[in-house]
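Trainee: I'd like to go over a predicted model; first the sequence, then the structure.
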Amino acid sequence: MVLWNLDRGKKTTGGKVHLNRKKKKYQRGSSSSLTIIGQIKKRIDRRRAGLKKVRIVSVDFVNALNPKTKKAKKVKILDVVNHDDNLNYTRRGIITKGCIVRTEAGLVKITSRPSQTGTINGIIIESK
């Protein structure tokens, strides 16, 4: 389903906004890619000017950076612990930027955007 990024609705004064032209292709959006825990699957979307965006559909590992030693390692994701954006995402196990996941190395806060960059990076906030 195509989502549209249009200015519709009301003005700040409360008046109606009238469209003065048709919808344009560059105003199209896309549905959100909700990354879950599972065997790694990626989806490649074509964007404007032939650019490609890699979206992660499911993933089971995260690149965790230890801030004390400045070393990164690949660790397995066990569970989603906390999600401040949407509490329902915690229950469903959806990974987005800012959520906290439990890994084999401890608690990791996700710092990358899995549905935009194609990788999952994080910082270890509490080690085992």
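Mentor: Yes, it's here.

Trainee: Following the chain onward from the helix or strand bottoming out on mean pLDDT in the chain, which element is next?
Mentor: Ranking every helix and strand in the chain by mean pLDDT, DSSP states H and E puts helix 114-117 at the bottom, with a mean of 88. Downstream of helix 114-117, the next assigned helix or strand under DSSP states H and E is strand 121-127.

Trainee: so what does the helix or strand containing Arg91 touch, helix or strand wise?
Mentor: Element membership for Arg91, per DSSP H and E: helix 87-92. Applying 3 or more Cβ pairs under 8 Å, 6 or more residues apart in numbering; DSSP states H and E, one finds that helix 87-92 makes contact with strand 71-82. Bear in mind the C-beta positions are built from the backbone N, C-alpha and C, glycine included.

Trainee: Low-confidence regions, the chain specifically.
Mentor: Where the chain drops to pLDDT under 70, the residues are 1.

Trainee: let's go with 90 and repeat that
Mentor: The chain contains residues with pLDDT under 90 at 1-12, 14-33, 45-51, 53, 84-86, 115-118, 126-128.

Trainee: Pull out the buried residues from the helix holding Arg91.
Mentor: 89-90 (16 or more other Cβ atoms under 10 Å).

Trainee: Repeat that for stretch 65-77.
Mentor: For stretch 65-77, burial by neighbour count (16+ other Cβ under 10 Å) applies to 65, 75, 77.

Trainee: circling back to that earlier point, after the helix holding Arg91, which helix or strand is next?
Mentor: By DSSP H and E, the next helix or strand past helix 87-92 is strand 94-95.

Trainee: Just checking: what are the partner strands of that following strand?
Mentor: Using DSSP bridges, the strands paired with strand 94-95 are strand 35-37 (antiparallel).

Trainee: can you list contacts of the strand it pairs with?
Mentor: If you take Cβ atoms under 8 Å, 6 or more residues apart in numbering as the criterion, strand 35-37 is touched by 56-60, 77, 79-80, 92-96, 114-115, 120.

Trainee: hmm, 7 Å instead?
Mentor: Residues outside strand 35-37 that contact it (Cβ atoms under 7 Å, 6 or more residues apart in numbering) are 56-60, 77, 93-95, 114-115.

Trainee: Please consider this matter closed, and thank you.
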